[in-house]
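Colleague: Curious how this folds, go ahead:
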Amino acid sequence: MSIEVLVLLVFVALAFDFMNGFHDAANAIATIVSTRVLRPQWAVAWAAFFNFVAFLIFGVAVAATIGKGIIDPRIVDHYVIFGALIGAITWNIITWYYGIPSSSSHALIGGLAGAAVAKGGMHTLIASGFLKTAAAILLSPALGFVLGVALMLAVSWMWARATPRRVDRWFRRLQLVSAALYSIGHGGNDAQKTMGIIWMLLITAGTIGDKDPLPLWVVFACYGTIALGTLFGGWRIVKTMGQKITRLKPVSGFCAETGGAITLFLATWLGVPVSTTHTITGAIVGVGSVQKLSAVRWGVAGNIVWAWIFTIPCSAFVAAVAWWFAQHYF
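Modeller: Below is the predicted model of the structure:
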């Protein structure tokens, strides 16, 4: 791999990282925007800042899973990386355009799988890593849902005698904390996915050895880029997350964000790449269902689930086509 190709693919990886932040900004800010705790411009700045400072808290366990645990590193070359990134970016653009909250994480994993299988067949997938990630598709929204319900019930019991005005005043402040925690979890899990891709690239190019640590410039570049993407915000998805699934108040927004943040912190420490979109959607549905089942617009939630189902196969298909095209024309 020439240095020019390496530099180009690093920029394409960072473009995915930017799109990840842009696409998933709604996950972090939808609740504080819909409850009018912060104006949209301040909300994205708040989320972007905490996306970036996440590098102070987390290691590189998720990056290692992406870089070495999804597909066989021996078949990785610049064509596989190119196909994977094009598959993920294409799916992100499609779902952003239609305002559908989908998983950038699983789009990337689908892209890696599609390009790898196109090159070497099904045996190129690492079953343990791929199945762990597939299990997280179900577990992350389920855990977000359970934590959202538990927090909502606990808060309702603790504040049962408080006036609605006092509850609203306090939780408008606490939502700033929960949004910050969720943004740290988002940055910590999602920035590492691009770090894993660049890690693979550098090893494949022979720039670093497969046992060498991840260079610090990659860490700063990925955290900075996802924060920049969040700063621009994917406004088409904010309305879906903050208003269409269920009506949120500051107290329910706090519980949803906190439940989502706990899930992301746990997954990141375990090195599991999870979907921030799946996590916060599960938490929002959870807090909405505590009020009453009819408070959740199940039709909207169902459409989101269909997007989740199609994410990996669709991004894999696009990645396979992109790999074939690159293989024949570059």
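Colleague: Ala25 reaches Leu228, doesn't it?
Modeller: No - with contacts counted by C-beta atoms under 8 Å, Ala25 stays clear of Leu228, the gap being 10.7 Å. Quick note: C-beta positions are derived from backbone N, CA and C, even for glycine.
Colleague: With neighbour numbers in mind, choose between the two.
Modeller: When neighbours are counted by other C-beta atoms under 10 Å, Ala25 comes out ahead of the other of Ala25 and Leu228, with 29 against 17.
Colleague: and the more buried one, what element?
Modeller: Ala25 belongs to helix 3-34 when elements are defined using DSSP states H and E.
Colleague: Run through the neighbouring helices and strands of that helix.
Modeller: For helix 3-34, the elements it packs on are helix 40-53, helix 78-97, helix 104-120, helix 164-204, helix 216-232, helix 235-239, helix 250-270, helix 276-291, judged by 3 or more C-beta pairs under 8 Å, 6 or more residues apart in numbering; DSSP states H and E.
Colleague: would TSV of those with mean pLDDT be doable?
Modeller: Listed next are the helices and strands packed on helix 3-34 as TSV, based on pLDDT from 0 to 100:
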stretch	mean pLDDT
helix 40-53	87
helix 78-97	90
helix 104-120	90
helix 164-204	90
helix 216-232	92
helix 235-239	54
helix 250-270	90
helix 276-291	80
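Colleague: Just the buried positions in stretch 154-167, please.
Modeller: If you call a residue buried by 16 or more other C-beta atoms under 10 Å, then stretch 154-167 has these buried ones: 155, 167.
Colleague: what about it, how long is it end to end?
Modeller: One end of stretch 154-167 sits 14 Å from the other (C-alpha to C-alpha, to the nearest Å).
Colleague: which other residues reach that stretch?
Modeller: By C-beta atoms under 8 Å, 6 or more residues apart in numbering, the surrounding residues in contact with stretch 154-167 are 250-251, 254-255, 290.
Colleague: Can I get those in a markdown table including neighbour count and distance to Thr279?
Modeller: Formatted as a markdown table, the entries for the contacts of stretch 154-167 read as follows, by neighbours: other C-beta atoms under 10 Å; distance: C-beta to C-beta, whole Å:
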| residue | neighbour count | distance to Thr279 |
| --- | --- | --- |
| Pro250 | 22 | 20 |
| Val251 | 23 | 19 |
| Phe254 | 29 | 16 |
| Cys255 | 32 | 13 |
| Val290 | 19 | 17 |
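Colleague: Pull the most distant pair out of the residues you listed.
Modeller: Within the contacts of stretch 154-167, Pro250 and Val290 form the most distant pair, 14.9 Å apart (C-beta to C-beta).
Colleague: Which pLDDT value goes with Pro73?
Modeller: Confidence at Pro73, expressed as pLDDT, is 84.
Colleague: just Met1 next, same as before
Modeller: Met1 carries a pLDDT value of 67.
Colleague: With Arg247 instead?
Modeller: What the model reports as pLDDT for Arg247 is 64.
Colleague: What of Ser315?
Modeller: On pLDDT, Ser315 comes in at 94.
Colleague: The chain should start at 42 in everything you say after this.
Modeller: In the new numbering, first residue 42, that becomes Ser356.
Colleague: which SSE is it in?
Modeller: Using DSSP H and E, Ser356 maps to helix 339-370.
Colleague: and that helix, what other elements does it pack with?
Modeller: Against helix 339-370 (3+ C-beta pairs under 8 Å, 6+ apart) you get helix 119-138, helix 145-161, helix 317-332.
Colleague: Which one of those lies nearest to Gly170?
Modeller: Distances from Gly170 to each of the helices and strands packed on helix 339-370 were compared using C-beta to C-beta; the shortest belongs to helix 145-161, at 9.2 Å.
Colleague: quick one, the next helix or strand after that closest one and helix 339-370 angle?
Modeller: Past helix 145-161, further along toward the C-terminus, the next helix or strand under DSSP H and E is helix 168-199. In terms of direction (axes from the mean of the first three to the mean of the last three C-alpha atoms, to 10 degrees), helix 168-199 departs from helix 339-370 by 150 degrees.
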